[in-house]
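Trainee: here is my input, please return the structure:
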Amino acid sequence: MTKRVSVYIDGANFYGGLTSINRRFTDTKFDFERYIGHLVGKDTLTKVNYYNALIKKKINEKIWKKQKDFFERLRVIPKFKVTLCTRKSRLNILGEEYQTIKGDDISSALDIIEDCYNAKLIR
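Mentor: The predicted structure follows:
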């Protein structure tokens with residue numbers, strides 16, 4: 001009997017994981033379809049939910065464009081849903097500005113809960 005599998009990806013953490021393996025690795029060149037296929041194997045893929053946020057265009061237009069194109073590439077993958085959250089500016093203890101993603105954790109948690117609930121209703 002095959003299982004039904006849903007995959008949930010925190011895009012920022014995924015990117016961080018890739019670059020921690022090798023600084024030259026990037027999610028924009030990563031083969032998500034092949035990787036998901038490897039994860040799922042002979043089971044049935046129901047969906048892939050990917051969560052991230054665009055860098056603000058005014059901060060770095062080149063990276064913004066690259067991310068935008070990347071998210072569009074993900075959206076055309078079958079059963080792939082991209083949820084874009086927001087970025088907020090923060091200051092570290094030295095007063096330097098950095099960006100943090102808001103809403104990705106709660107969005108993924110709510111999607112997981114909803115999917116689990118709906119899966120029980122279907123069975």
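Trainee: which strand runs longest in this structure?
Mentor: strand 44-52 (DSSP state E).
Trainee: now the element after that strand, going C-ward?
Mentor: Where DSSP states H and E defines the elements, the next helix or strand beyond strand 44-52 is helix 61-75.
Trainee: which residues touch Lys102?
Mentor: Applying Cβ atoms under 8 Å, 6 or more residues apart in numbering, we find Lys102 in contact with Ala53, Cys85, Thr86, Arg87, Lys88. C-beta here means a position set from N, CA and C on the backbone, and glycine is covered the same way.
Trainee: follow-up on the earlier one: the longest strand of the chain to helix 61-75, inter-axis angle?
Mentor: Counting by axes from the mean of the first three to the mean of the last three Cα atoms, to 10 degrees, strand 44-52 lies at 160 degrees to helix 61-75.
Trainee: strand 44-52 - contacts with which helices or strands?
Mentor: Applying 3 or more Cβ pairs under 8 Å, 6 or more residues apart in numbering; DSSP states H and E, one finds that strand 44-52 contacts strand 4-10, helix 11-21, helix 32-40, helix 61-75, strand 80-84, helix 104-122.
Trainee: now the farthest one out in the protein, which residue is it?
Mentor: Distance from the C-alpha centroid of the chain peaks at Leu94, with 29.8 Å (Cα atoms, centre = their mean).
Trainee: what about that one, which SS state?
Mentor: At Leu94 the chain is in coil, as set by DSSP: H, G, I helix; E, B strand; the rest coil.
Trainee: for Thr100, see how far away it is.
Mentor: 16 Å (Cβ to Cβ, to the nearest Å).
Trainee: returning to that earlier point: neighbour-wise, which of the contacts of Lys102 leads?
Mentor: Ala53 (21 neighbours; other Cβ atoms under 10 Å).
Trainee: wait, it sits on Leu84?
Mentor: Yes. Ala53 is within contact range of Leu84, at 5.9 Å (criterion: Cβ atoms under 8 Å).
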